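K.L.:
how would this look folded up:
(one chain, ligands or ions: 1)
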Amino acid sequence: MRKIVTIARINLIALVIICFGGCGKDKGNNDIFTIPQTAEVLDTSISEIYGDADAIVTIISDDGFYQTAENLDKIFGERELKCTVAGAIKFVEPDLESWEQLLENDTIDLVSHSYNHIKMATDTEISKDENALKHEIVDADQWYEEKLGKKQIVFVCPENTMCDLGYKILEENDFWAVRRGNRGYNPLSPKDGTNEGDWMNLMVQGIQDEGTDLSVRNGWVDTAISDNVWLIEMWHNVMLEDDGGYQTILISDAEKHMDYIKEKSDNNDIWVATFDEAVKYIREKQNINVYAYIDDSDLHVYGKLNKKNMSSSTFNQPLTVHITIPDDMNIEKSGNSIRQDGNELVINIIPNEELVMKIRGAE
Ligand SMILES: [Zn+2]
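P.N.:
Here you go, the predicted structure:
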């Protein structure tokens, strides 16, 4: 038995048709989506965090020395988790061939940490030199995109700081998030801006900050879970023995902390996401309209990115969506990402891709 489509819903349907009719001229994007007049439109909501976890945990290891990358690959790979390495090109390039091979394991995501790891604070020489800043930010970005064949959308500041001109260059060059080094937790939906916790000034916990031991590190994770926030841990080198580097953590200490993170991840208390994955999820969530409707035998779901410069080939991180379906309706599970609990359906969708699911028992 179908519910009667209300006036409000008819208005929504008309709106959707107009929007997608208008957007249909997008080249290469097969994103024309219309809701039939007779269909029943359903209520949807997007989860704050992928998989409905309580917190996001992102681990970024700075600088890009190859030995550390091998150690990270092993520690995270054994636990089936992923991390991010922020590499300065001058540290990555000498071992580029080894790096390329290691990245095939898909355990590490390598992102830009500038070309030469120069401090770009307001009081520095470089802060007034637009060409030099562009080299550190834009050329480095292009280098990574060429070498890795993947669009870069994030930047990790060397020395954890950035000047106004640098920010301007970052904003003009399609960077969607910048991590600095102020200590703290980030909200699940950062605002645009350069204040602490905003998109251009994401905060961290330093893995070897004064007085930090295993219980402190695990405590960050507990705090993130209880406060529903995004924890970014800033690591540097990970070594068998102390190499004297800034905030080097021993493999044995890193493993103990990662065992705790693994346990929380397995329990779905946290979503362990690379920097790139977390940024994509949140940016998509902030800039998408999700529609769901029922026709004779199927449930259709479509999430349409509503920001022009968000390309579907980059912003393709799956989003967890809740849909309220009519009582007594059953959806045929066509993948393991679909969960039904009474009249609530939880699924993962990819932006700008229509998902069609069979309604069980429908003629
Ligand atoms: Zn660094």
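K.L.:
Quick check: buried residues in whichever strand or helix holds Val216?
P.N.:
Under the criterion DSSP states H and E, the helix or strand holding Val216 is helix 214-227. Across helix 214-227, burial judged by 16 or more other CB atoms under 10 Å covers 217-218, 220-221, 224-225. No exception for glycine: its C-beta is placed from N, CA and C like everyone else's.
K.L.:
Identify, from those residues, the entry nearest to Ile325.
P.N.:
Nearest to Ile325 among those is Ile225, at 29.6 Å by CB to CB.
K.L.:
Now the closest residue to the ion within the stretch 151-300 of the chain. Nearest residue, chain neighbours left out?
P.N.:
Residue of the stretch 151-300 of the chain nearest the ion, by CB to the ion: Pro158 (4.8 Å). Nearest non-adjacent residue to Pro158, counting by CB to CB, 6 or more residues apart in numbering: His117, 4.3 Å away.
K.L.:
which residues does that neighbour contact?
P.N.:
Residues near His117 by CB atoms under 8 Å, 6 or more residues apart in numbering: 63, 88, 90-91, 158-159.
K.L.:
now do 10 Å
P.N.:
Residues counted as contacts of His117 (CB atoms under 10 Å, 6 or more residues apart in numbering) are 62-64, 87-91, 136, 158-159.
K.L.:
quick revisit: any chance of the buried residues of helix 214-227 in TSV, with pLDDT and distance to Gln286 too?
P.N.:
Formatted as TSV, the buried residues of helix 214-227 follow (pLDDT from 0 to 100; distance: CB to CB, whole Å):
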residue	pLDDT	distance to Gln286
Arg217	98	29
Asn218	98	30
Trp220	98	25
Val221	98	25
Ala224	98	20
Ile225	98	22
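K.L.:
Dump those residues to CSV, plus distance to the ion.
P.N.:
Listed next are the buried residues of helix 214-227 as CSV, based on distance: CB to the ion, whole Å:
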residue, distance to the ion
Arg217, 20
Asn218, 25
Trp220, 20
Val221, 23
Ala224, 23
Ile225, 28
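K.L.:
and of those residues, the nearest to Leu299?
P.N.:
Using CB to CB, Ile225 comes nearest to Leu299 of those, at 32.3 Å.
K.L.:
where does this protein dip in pLDDT?
P.N.:
Where the chain drops to pLDDT under 70, the residues are 1-32, 335-336, 362-363.
K.L.:
for the ion, what are the nearby residues on it?
P.N.:
Within reach of the ion by CB under 5 Å from the ion, the chain has these residues: 62-63, 158.
K.L.:
Select from those the one having the most neighbours.
P.N.:
Using other CB atoms under 10 Å as the neighbour test, the residues of the chain next to the ion are led by Asp62, with 28 neighbours.
K.L.:
Pretty sure that residue sits in a strand.
P.N.:
Yes - secondary structure of Asp62 (DSSP: H, G, I helix; E, B strand; the rest coil): part of a strand.
K.L.:
Tell me which residues touch it, please.
P.N.:
So Asp62 contacts 68, 84-88, 91, 113, 117, 156-160, 179, 181, 204, 234-237, 246-247 (CB under 10 Å, 6+ apart).
K.L.:
Show me how the record splits the protein into domains.
P.N.:
Per the record, the chain has its domains at 7-38+288-358, 54-281, by automatic domain parsing.
K.L.:
what would the ones you listed look like in TSV with distance to Ser47?
P.N.:
Formatted as TSV, the domains of the chain follow (distance: least, CB to CB, whole Å):
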stretch	distance to Ser47
domain 7-38+288-358	4
domain 54-281	9
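K.L.:
At which residues are the helices of the protein located?
P.N.:
If DSSP state H is used as the criterion, the helices of the chain fall at 7-23, 66-78, 89-92, 96-103, 130-134, 140-148, 164-172, 214-227, 251-266, 275-286.
K.L.:
ends of stretch 119-126, how far apart?
P.N.:
One end of stretch 119-126 sits 8 Å from the other (CA to CA, to the nearest Å).
K.L.:
Which positions in it come out as buried?
P.N.:
119-120, 126.
K.L.:
and it, how far out from the chain's middle?
P.N.:
29 Å (CA atoms, centre = their mean, to the nearest Å).
K.L.:
coming back round to it: how big is the angle separating the helix holding Val216 from helix 251-266?
P.N.:
Per axes from the mean of the first three to the mean of the last three CA atoms, to 10 degrees, the angle that helix 214-227 makes with helix 251-266 is 20 degrees.
K.L.:
And for helix 214-227, what's in contact with it?
P.N.:
Contacts for helix 214-227 (CB under 10 Å, 6+ apart): 53-57, 185-188, 204-205, 207-209, 212-213, 229-233, 249, 253-254, 256-261, 263-265, 267, 269-270, 272.
K.L.:
Narrow the residues you listed to those that are buried.
P.N.:
53-57, 185-186, 188, 204-205, 207-208, 212, 229-233, 249, 253-254, 257-258, 260-261, 264-265, 269-270, 272.
K.L.:
Can you list which of those residues are found in strands?
P.N.:
Residues of those located in strands (DSSP state E): 55-57, 204-205, 230-233, 249, 270, 272.
K.L.:
Please tell me how far the residue lying closest to Cys163 once chain neighbours are set aside sits from Ile137.
P.N.:
The spatial neighbour of Cys163 that comes closest, neighbours along the chain excluded (CB to CB, 6+ apart), is Ser127 at 3.6 Å. Separation of Ser127 from Ile137 (CB to CB, to the nearest Å): 12 Å.
K.L.:
Overlap in contacts, those two.
P.N.:
In contact with both Ser127 and Ile137: 120, 162, 166, using CB under 10 Å, 6+ apart.
K.L.:
Now do Asn116: how many residues are near it, please.
P.N.:
Neighbourhood size, Asn116 [other CB under 10 Å]: 14.
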